[in-house]
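Asks: Attaching a predicted model along with its sequence, questions to come.
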Amino acid sequence: MASSETAPYTVKIGTRRSALALRQTELVIEALQAAHPHVKFEVHAMATMGDRDQTTPLPALGKGLWTTELEARLLSREVDIIVHSLKDMPTTLPAGCVLGCVTRREDPRDVVVFSQRHAGRYKVLADLPAGAVVGTSSVRRASQLRRRYPGLVFRDIRGNIETRLSKCDTDGFDATIIAAAGLLRMDYGHRIAQYLDSSTEGGGLLHAVGQGALGLEVREGDERMLQLLKATEDTPTMIACFAERSVMRTLEGGCSVPIGVETSWVEEDGTKKLRLRMTVVSLDGKEAVDGENTEKVTDLAQAEHMGKELAQKLAGLGAQKILDQINAVRDAGTTLKVSDS
Ligand SMILES: NCc1[nH]cc(CCC(=O)O)c1CC(=O)O
């Protein structure tokens, strides 16, 4: 006689229907199935607003473009778990929804992919001539790159990973900036030309909050699902991402704000500590506020406090002024432009 812990039951998993989202969901189910062989997992995929609208510049689409419609299905009990790219999850969730788990992180760095038109001519961004066209729809990427590569021209490039790679190769771009995690999960790692993180020469870009990690969202109080998810939880990543999300929440940022972060676990005086770096850069790349803190953090509450403290410190050093200028553009009903043209 099967006990209640091993009686078979079905779990419905919600996801976007992009190839990357489906691959990410597959990875999560593999991990859950190994830990819970008696559970049947069903994938329920859907296109969200961000998937349907492939032309409007991202900053104009506001928050929740990748998540809101999925969360409605969670709350209506059509699905039990949503698998998100954590970077696409707003830092404040709808009532009744909770971030139940953060998975092991794929490489969180931003990378450069050169157009195949150039057939290997360029190795790093610094090789590109002045006026070269770089595709990105990310305010965060464009702002930080303008700061370090003022001679480059930035142009919107929308779409899922395959679409963006194809546009990069055929639509007049010289390069595009994309997350390593998406390329690696989709077996496009061979397209990576340069890593842009703070410790790589020619880099200096801080990545998006939660980039590279997966966030699993469930209904508040759904203890059965919260327990089930423990099999995929990576606690050090979850703590680090909670600190990152707290930075964004404190500055009231959303998907399209020029806030970059970088977290790492370090050993100091024999103690494991979290190092949190952050940056806020104006759209033209001419103003920036950078900061970091390293402290012992052992739970999610401490992580959120660490992120809030650092964000508040930098807000007073000019970060809030930069964000207020950006919000003023939005409040005036003007679409935030990433493109130079
Ligand atoms: N909506 C964009 C998005 N959301 C998640 C990823 C990559 C995977 C990840 O960061 O986990 C991407 C592509 C990109 O940023 O280039």
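Replies: Received, thanks.

Asks: Tell me the backbone dihedrals of the residue positioned nearest the centre of the chain, please.
Replies: Centroid-nearest residue in the chain, with C-alpha atoms, centre = their mean: Lys87, separated by 2.4 Å. Here is the backbone geometry of Lys87 (degrees, to the nearest 10): phi -60, psi -20.

Asks: thought Arg141 was touching Ile177?
Replies: Yes. Contact criterion C-beta atoms under 8 Å: Arg141 and Ile177 qualify, at 4.8 Å. (C-beta placed from N, C-alpha, C; glycine too.)

Asks: picking that back up, was I right about the residue nearest to the centre of the chain contacting Val209?
Replies: Yes. Here Lys87 reaches Val209: they are 6.3 Å apart, a contact under C-beta under 8 Å.

Asks: Glu287 - how many residues pack around it?
Replies: 16 (other C-beta atoms under 10 Å).

Asks: just use 688 as the starting number from now, easier for me
Replies: Got it, first residue is 688 now, which makes that one Glu974.

Asks: In this structure it contacts Val968, no?
Replies: Yes. Glu974 is within contact range of Val968, at 7.2 Å (criterion: C-beta under 8 Å).

Asks: Identify the contacts common to these two.
Replies: Residues touching both Glu974 and Val968 by C-beta atoms under 8 Å, 6 or more residues apart in numbering: Ile1009.

Asks: Compute the number of surrounding residues for Val953.
Replies: Val953, neighbours per other C-beta under 10 Å, totals 10.

Asks: what's across from it in the sheet?
Replies: Taking DSSP bridges as the rule, Val953 bridges to Lys960.

Asks: check contacts around it.
Replies: By C-beta under 8 Å, 6+ apart, the neighbours of Val953 are Lys959, Lys960, Leu961, Arg962, Thr981.

Asks: Which among the residues you listed count as buried?
Replies: Neighbour counting with 16 or more other C-beta atoms under 10 Å marks Lys960, Leu961, Arg962 as buried within those.

Asks: Phe841: which of the contacts of Val953 is nearest?
Replies: Closest approach between the contacts of Val953 and Phe841, by C-beta to C-beta: Arg962, at 29.5 Å.

Asks: Need the residues touching each of Arg828 and Ile864.
Replies: In contact with both Arg828 and Ile864: Asp797, using C-beta under 8 Å, 6+ apart.

Asks: Gly994 - that's part of a helix, no?
Replies: Yes. With DSSP: H, G, I helix; E, B strand; the rest coil as the criterion, Gly994 is located in a helix.

Asks: Does the nearest residue to Val766 once chain neighbours are set aside belong to a helix, a strand or coil?
Replies: Once flanking residues are discounted, Val766 sits nearest to Gly701: 3.5 Å by C-beta to C-beta, 6 or more residues apart in numbering. Classification of Gly701 using three-state DSSP returns strand.

Asks: following the one helix or strand Val799 maps to, which helix or strand shows up next?
Replies: Counting by DSSP states H and E, the element that carries Val799 is strand 797-801. Next helix or strand after strand 797-801 toward the C-terminus (DSSP H and E): strand 820-822.

Asks: Go through stretch 854-861 and flag the buried ones.
Replies: Lys854, Cys855, Asp856, Phe860, Asp861.

Asks: Skipping its backbone neighbours, what lies nearest the last one in space?
Replies: Taking C-beta to C-beta, 6+ apart, and ignoring the residues beside it in sequence, Asp861 has Ala819 as its nearest neighbour in space, at 4.2 Å.

Asks: pretty sure that neighbour contacts Val840?
Replies: Yes. Using C-beta under 8 Å, Ala819 is in contact with Val840, at 6.8 Å.

Asks: Compare these two (neighbour count), which wins?
Replies: Each of Ala819 and Val840 has its neighbours counted (other C-beta under 10 Å); Ala819 has more, 19 against 16.

Asks: How about the contacts made by that one?
Replies: Gly838, Leu839, Val840, Asp861, Ala862.

Asks: so what's the first one scoring on pLDDT?
Replies: Yep, that's Gly838 we're talking about. Predicted confidence (pLDDT) at Gly838: the value is 94.
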